[in-house]
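Colleague: Pasted the sequence and its predicted model underneath.
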Amino acid sequence: MMRIWLWPVLIGVLCTLGLIAGLVSQGAGDWLSWLALATPVAIGLHGLSRSGARPQARGEALTPAGSRRAGRS
Amino acid sequence: MQAVTLRRWGWVHKWSSLVSTLFILMLCLTGLPLIFSHEIDHLTGNEIEAPAMPEGTPRAAVDRVAAEAVKAYPGLVPLYFFAEEDAPDVWYVKLDTRVDTDESESTLILSDARTAEVLGAPNFDEGFMSVMYRLHVDLYAGLAGKLFLGFMGLLLMVAIVSGVVLYAPFMRKLRFGEVRQERTPRTRWLDLHNLLGIVTLVWALAVGFTGVINTWADLIFQAWQAEQVAALQAGETRVLLATDSSDAPAADGSLQTAVDRVLAAAPDMAVSMIAYPGTLRATPEHVAVILRGDTPLTSRLTQALLVDPANGEVLEAGARPWYVTALQLSEPLHFGDYGGLPLKVLWALLDILTIVVLGSGLYLWIKRGATEVRS
């Protein structure tokens, strides 16, 4: 449980802080909100880019998956 | 989690998502340019600006601004004056045929605050940004459209919460952020859907729920007006400046004097909006002057004072109710306009990630057959 939720909870708390920080203070608050909200963006884009290495990965995986699908239809 | 419970949450996630996805996708796509509407207006020259004048040029009385506006738009009456924090030399003046219309056909013009000259009317009714705005706000269907989109937003909240419940069982054998490369495209998109969904969770909940609250804005202001009128009738008001107070210019029936008296009663505050009697934001007999403070938070949390232009009495009819506070905090949290351009860019990127979550969710549903057959 701990293993599954540790990162999501940390990111969630960080985002909450970021959303509020920009509202209550300017200057330092703005910087805090930019850094905090950049975290989910960075993790998300990283995840997307890794799956963007798909073409090669797909080339290897396509044969078994593809033939299985072809066999079914 | 028991298999039955899991299946039920799966059902909730599937249907709340399926019903709302296309509308939420539309909201995400139309919202993207709206984040930058200020910058886009500026770049396309759609922005109307007041001519430069020496600093300290005296401002015209708001009565004269109103008179010039009515002269330029015969048949209309002024409803509101709006002052933007970053454009102190202009008044936005809203005009309509009567003070008590639903304001859907109202005209918004810009007037020079120093010469009272009408500068022009921003082109809100045509063009790309107008289409984006109307699709995003009310689907061209007025209050009904707003409430419908609000309901879709509530379904999105249900979809997000049920998605979080489903996150744990899907991640039981995976590390955080793991996207399985060796499996089928569906597995890869499932992992991405879970990853992007969980990292954008708090932002999506905040923007989604504040969007829902914004759809209730008309109803919230109606309730506040009713509450203020009721407080006035019951005599439950706080007099901030009495009729005969010598701290301010004596009332002479003019709007400018009324506003000056409000500012005398509330030092350190600036005018955010002036509402004529009979409009949604005022009462039938009083002018409402909405004031803002000068910090990021107090500039959003406004204070509404009422003033009788005939006798100059300045009243506060009850403190700002909690639901108005909620609405006023919802606006910046939905628009993402409180942290400069970097925050707007982050808002846009998080919006795009949300579009990927929605798109991958739809893809997972369309490809569901493959897994069901296999398992």
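Modeller: It's in.

Colleague: Look at B:Trp365 and say how many residues are nearby.
Modeller: Other residues near B:Trp365 come to 13 when the count uses other CB atoms under 10 Å in any protein chain shown. (Glycine included, C-beta is placed from N, CA and C.)

Colleague: residues contacting it?
Modeller: B:Lys14, B:Ser17, B:Leu18 (CB atoms under 8 Å, 6 or more residues apart in numbering or on different chains).

Colleague: Report the separation between the first one and B:Gly153.
Modeller: From B:Lys14 over to B:Gly153 the distance is 18 Å, taken as CB to CB, to the nearest Å.

Colleague: Top of the contacts of B:Trp365 by number of neighbours, please.
Modeller: B:Ser17 (23 neighbours).

Colleague: what does the helix or strand harbouring B:Asp41 contact?
Modeller: Per DSSP states H and E, B:Asp41 falls inside helix B:37-43. With contact meaning CB under 8 Å, 6+ apart, helix B:37-43 is reached by B:Pro33, B:Asn46, B:Glu47, B:Pro122, B:Met129, B:Tyr133, B:Asp337, B:Leu341, B:Lys344.

Colleague: buried ones in that helix?
Modeller: Of the residues in helix B:37-43, B:Ile40 count as buried by neighbour count, 16 or more other CB atoms under 10 Å in any protein chain shown.

Colleague: State the mean pLDDT of it.
Modeller: The average pLDDT for helix B:37-43 rounds to 89.

Colleague: again, but for stretch B:98-114
Modeller: 90.

Colleague: what bits of the chain have low per-residue confidence?
Modeller: Picked chain A for this. Within chain A, the ranges that satisfy pLDDT under 70 run A:52-73.

Colleague: try again with chain B
Modeller: Across chain B, the ranges flagged by pLDDT under 70 are B:1, B:125, B:369-375.

Colleague: Would you tell me which strand is longest in it?
Modeller: For chain B, the longest strand by residue count, based on DSSP state E, is strand B:87-96.

Colleague: What about the contacts of helix B:37-43, which are in helices?
Modeller: Filtering these for membership in helices, criterion DSSP state H, returns B:Pro33, B:Met129, B:Tyr133, B:Leu341, B:Lys344.

Colleague: Wait, the first one touches B:Ser130, no?
Modeller: What it means is B:Pro33. No: look at B:Pro33 against B:Ser130 with CB atoms under 8 Å: they stay out of range, at 11.1 Å.

Colleague: Who has more neighbours out of these two?
Modeller: Neighbours per residue, other CB under 10 Å: of B:Pro33 and B:Ser130, the larger number sits with B:Pro33, 17 against 12.

Colleague: any idea how far that one is from B:His136?
Modeller: B:Pro33 is 9 Å from B:His136, by CB to CB.

Colleague: With B:Leu201 instead?
Modeller: Taking CB to CB, one finds B:Leu201 at 22 Å from B:His136.

Colleague: for B:Leu291, same thing?
Modeller: For B:Leu291, the distance to B:His136 - CB to CB - is 29 Å.

Colleague: still on that earlier bit, in the contacts of helix B:37-43, find the pair that's most separated.
Modeller: Using CB to CB, the two most remote members of the contacts of helix B:37-43 are B:Pro122 and B:Leu341, lying 21.3 Å apart.
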